[in-house]
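Enquirer: Generate a structure from the sequence data that follows.
(2 chains)
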Protein chains: 2
Amino acid sequence: MATHTDFMAEALKQAQKSYDEGGLPIGAVMVENGEIIARGYNRRVQDGDPTAHGEMDCLRQAGRRARYDGVTLYTTLSPCMMCAGTIVQFGISHVVIGEAENFHGNEAFLRENGVNVIRLDDPDCIELMSRFIAEKPTLWDEDIAGNDPA
Amino acid sequence: MATHTDFMAEALKQAQKSYDEGGLPIGAVMVENGEIIARGYNRRVQDGDPTAHGEMDCLRQAGRRARYDGVTLYTTLSPCMMCAGTIVQFGISHVVIGEAENFHGNEAFLRENGVNVIRLDDPDCIELMSRFIAEKPTLWDEDIAGNDPA
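Expert: Alright, predicted model coming up:
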């Protein structure tokens, strides 16, 4: 039986893939019934798409569906307001967050809106993201339009 | 000098284009310094992309930028939580909404987060969207995952 740590490792692989492509190293996987049904990563640099955060790309890869009850979204970094709003709108019931040290994100907003949130404080997620921010601070600032809510 | 009504008419043209393609008739335009810099419409049906609401597609078409101060986003329908969250995350300062009768959306959330919001209650926007909802209720329900916050 795969654990939260196992699925987060898969999300981190997506983040690493983006890092290796010169993009923002934030990855996500969507899990249903114990299996990964979609993977995604931030594609701002790769596709020139400001809306393609890791969570958004993962939803896009998952394709159309009527409801998201019972779906768990794993993301290496705490969700920004775009991604948190998306999780709430679509009713994604469970979110597992790799870390919130490099970006505080919107855990409180998710909880207030009934989302079950777990944060792992994963050292590998923290390390990759902090390395990236040190290397490309301007690109990171652009990705969140300078706006960390915390 | 173009008015809010003129720009909303352009957003409605985008909505009509999507309707004609069999998609959800919700359109948007982004305006800066009195000129339209991007257009977009809901592409759930056309691209099989659940994240491609009209506002999101418009941001994507506008491409990468560091900041959105001074940008006005015109949307034919009141923003869902995904789109409202996106507006707040990226710091889009002004939003003009065509109507909020067919979907209440998240005007209060936008205002609480400092966004300048104007709602036009445009009868043409109302008519097209209500016609679509009557014709394809299941598709409309899917687009918002059954979740209207009001």
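Enquirer: would you list every one of the helices in chain A?
Expert: Taking DSSP state H as the criterion, chain A contains helices spanning A:4-20, A:44-47, A:54-62, A:81-90, A:107-112, A:123-135, A:137-143.
Enquirer: so of those helices, which one's packed in deepest?
Expert: Across the helices of chain A, averaging neighbours per residue (mean count of other Cβ atoms under 10 Å in any protein chain shown) puts helix A:81-90 on top, at a mean of 27. In short, each C-beta sits where N, CA and C put it, glycine included.
Enquirer: For chain B, what's the nearest residue on chain A?
Expert: In chain A, the residue that lies nearest chain B is residue A:85 (2.1 Å; Cβ to the nearest Cβ).
Enquirer: In this structure that residue contacts residue B:105, no?
Expert: No. Using Cβ atoms under 8 Å, residue A:85 is not in contact with residue B:105, being 11.4 Å away.
Enquirer: what residues are shared contacts of those two?
Expert: In terms of Cβ atoms under 8 Å, 6 or more residues apart in numbering or on different chains, residue A:85 and residue B:105 are both contacted by the residues B:80, B:84.
Enquirer: related to what we said a few turns ago, can you lay out the helices of chain A as TSV showing mean pLDDT?
Expert: Below are these laid out as TSV (pLDDT from 0 to 100):
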stretch	mean pLDDT
helix A:4-20	98
helix A:44-47	98
helix A:54-62	98
helix A:81-90	98
helix A:107-112	98
helix A:123-135	98
helix A:137-143	98
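Enquirer: Please identify the residues of chain A in proximity to chain B?
Expert: Residues of chain A lying close to chain B by Cβ under 8 Å from any Cβ of the partner chain are A:44, A:48-52, A:56, A:59-60, A:62-68, A:80-86, A:88-91, A:141-142, A:144-147.
Enquirer: Try it again at 7 Å.
Expert: Within reach of chain B by Cβ under 7 Å from any Cβ of the partner chain, chain A has these residues: A:44, A:48-51, A:56, A:59-60, A:63-64, A:66-68, A:80-82, A:84-86, A:88-91, A:142, A:144-145, A:147.
Enquirer: Can you tell me, leaving aside adjacent residues, what's nearest to residue A:17?
Expert: Taking Cβ to Cβ, 6 or more residues apart in numbering or on different chains as the measure, residue A:17 lies nearest to residue A:41, with 6.0 Å between them; neighbours along the chain are not counted.
Enquirer: go on, residue A:119?
Expert: Nearest to residue A:119 is residue A:97, by Cβ to Cβ, 6+ apart, at 4.5 Å.
Enquirer: correct me, but the one you found touches residue A:74?
Expert: No. Using Cβ atoms under 7 Å, residue A:97 is not in contact with residue A:74; the gap is 8.2 Å.
Enquirer: if you count what's nearby, which of those two comes out ahead?
Expert: residue A:74 (30 against 24; other Cβ atoms under 10 Å in any protein chain shown).
Enquirer: residue contacts, the more buried one?
Expert: Going by Cβ atoms under 7 Å, 6 or more residues apart in numbering or on different chains, residue A:74 touches A:7-8, A:11, A:28-29, A:31, A:96.
Enquirer: quick one: which of the helices of chain A is nearest residue B:20?
Expert: With Cβ to Cβ, the closest approach to residue B:20 among the helices of chain A belongs to helix A:54-62: 23.7 Å.
Enquirer: For the closest one, which outside residues touch it?
Expert: A:14, A:26-30, A:37-43, A:73, A:75-76, A:79, A:83, A:86, B:49-51.
Enquirer: Mind checking which of the residues you listed are buried?
Expert: Buried by 16 or more other Cβ atoms under 10 Å in any protein chain shown: A:14, A:26-30, A:38-43, A:73, A:75-76, A:79, A:83, A:86, B:49-51, out of the contacts of helix A:54-62.
Enquirer: residues in contact with residue A:89?
Expert: By Cβ under 7 Å, 6+ apart, the contact set of residue A:89 is B:80-82, B:144-145, B:147.
Enquirer: any idea what sits nearest it, other than its immediate chain neighbours?
Expert: Setting aside the residues directly before and after it, residue A:89 is nearest to residue B:81 in space (Cβ to Cβ, 6+ apart), at 3.9 Å.
Enquirer: For the one you found, give me its contacts.
Expert: When contacts are counted by Cβ under 7 Å, 6+ apart, residue B:81 touches A:85, A:88-89, B:106, B:149.
Enquirer: Need those residues in a markdown table (columns: distance to residue B:114).
Expert: Formatted as a markdown table, the contacts of residue B:81 follow (distance: Cβ to Cβ, whole Å):
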| residue | distance to residue B:114 |
| --- | --- |
| A:85 | 15 |
| A:88 | 19 |
| A:89 | 20 |
| B:106 | 14 |
| B:149 | 19 |
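Enquirer: any idea which of these is the one closest to residue B:121?
Expert: Once Cβ to Cβ is applied, the member of these that ends up nearest residue B:121 is residue B:106, at 16.8 Å.
Enquirer: No more questions from me, cheers.
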